[in-house]
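Asks: whatever this is, show me its structure:
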Amino acid sequence: MDVRLSISLLGVLLLLFDGGCSMSIGKLNDTVDELQDDRILVLENTITRLESQIKFVNNSKDHQKEPVMFYARINRSGFTLQTLSTLVFDTVILNLGEHYDKYDGVFVAPRKGIYLFSWTVSISSGNYAVTELVVEGQSISHTGSSDNNGGVHSASMTTLSRMNKDEHAFIRTTTYGSTHSFYSTGSYPHSSFLGMLVYDEK
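Replies: Numbering: from 1, shown residues only. Coordinates of the predicted model:
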């Protein structure tokens with residue numbers, strides 16, 4: 001075979017081989033790039049979902065950990081209220097969540113759930129006081145006391161009530177009689193009101 005022909009054939013083969021390799025490597029690079037893009041997209045979506053889940057868990061934990069409870073009492077020796085009058089327990093001892101208002105005596109539920117309420121009213125000699133827990137306009141339970149024998153006496157009641165978010169609860173005098181008399185001072189039994197969320201209904 002002619003040496004020049006052999007060199008020519010070898011050159012053609014080299015060109016073909018080099019072109020084929022270049023095309024294969026180019027296609028391979030394109031495929032790798034596409035796979036990387038797909039993987040990056042999957043990772044970004046996964047990170048977004050994880051961030052949402054973490055945010056939800058954190059919010060849920062904060063929601064569960066936020067306590068709702070209050071305790072307030074009255075520090076006045078003697079006073080009277082007419083029927084259907086709200087008792088304002090103006091001395092706040094505890095108010096976690098700040099949902100009880102010491103200026104109007106009303107508790108506002110921050111979320112739906114079962115709430116426990118307990119209250120005590122004290123009276124002095126020759127008087128009476130009958131009160132009730134009212135939740136969103138509905139009377140839930142009553143307690144009262146009267147005294148004809150002298151001294152200071154108290155009456156208490158504890159009850160549970162389901163409340164929806166933003167509903168109101170307070171203690172008021174009932175329609176019994178006309179004038180309800182209370183006695184609540186440092187050296188005698190206090191008239192007091194407490195409430196707390198005991199079961200969170202989500």
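
Asks: return the helix or strand in the protein with minimum mean pLDDT.
Replies: In the chain, no helix or strand scores lower on mean pLDDT, DSSP states H and E than helix 3-65, which sits at a mean of 59.

Asks: and after that one, which helix or strand comes next?
Replies: Per DSSP states H and E, the first helix or strand lying C-terminal to helix 3-65 is strand 69-74.

Asks: which elements pack onto that next one?
Replies: Using 3 or more Cβ pairs under 8 Å, 6 or more residues apart in numbering; DSSP states H and E as the contact test, the elements touching strand 69-74 are strand 91-96, strand 179-184, strand 191-200. Backbone N, C-alpha and C define where each C-beta goes, glycine included.

Asks: if we use 6 Å, what do you get?
Replies: Where contact means 3 or more Cβ pairs under 6 Å, 6 or more residues apart in numbering; DSSP states H and E, strand 69-74 is packed against strand 91-96, strand 191-200.

Asks: so of the ones you listed, which one's packed in deepest?
Replies: Compared across these, strand 191-200 shows the largest average neighbour count, a mean of 19 (mean count of other Cβ atoms under 10 Å).

Asks: by contact count, what packs against that strand?
Replies: strand 69-74, strand 113-123.

Asks: quick one: average pLDDT of the first one?
Replies: Averaging pLDDT along strand 69-74 gives 95.

Asks: mean neighbour count added to the helices and strands packed on strand 191-200, as CSV?
Replies: Shown next, in CSV, are the helices and strands packed on strand 191-200 (neighbours: other Cβ atoms under 10 Å):
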stretch, mean neighbour count
strand 69-74, 20
strand 113-123, 21
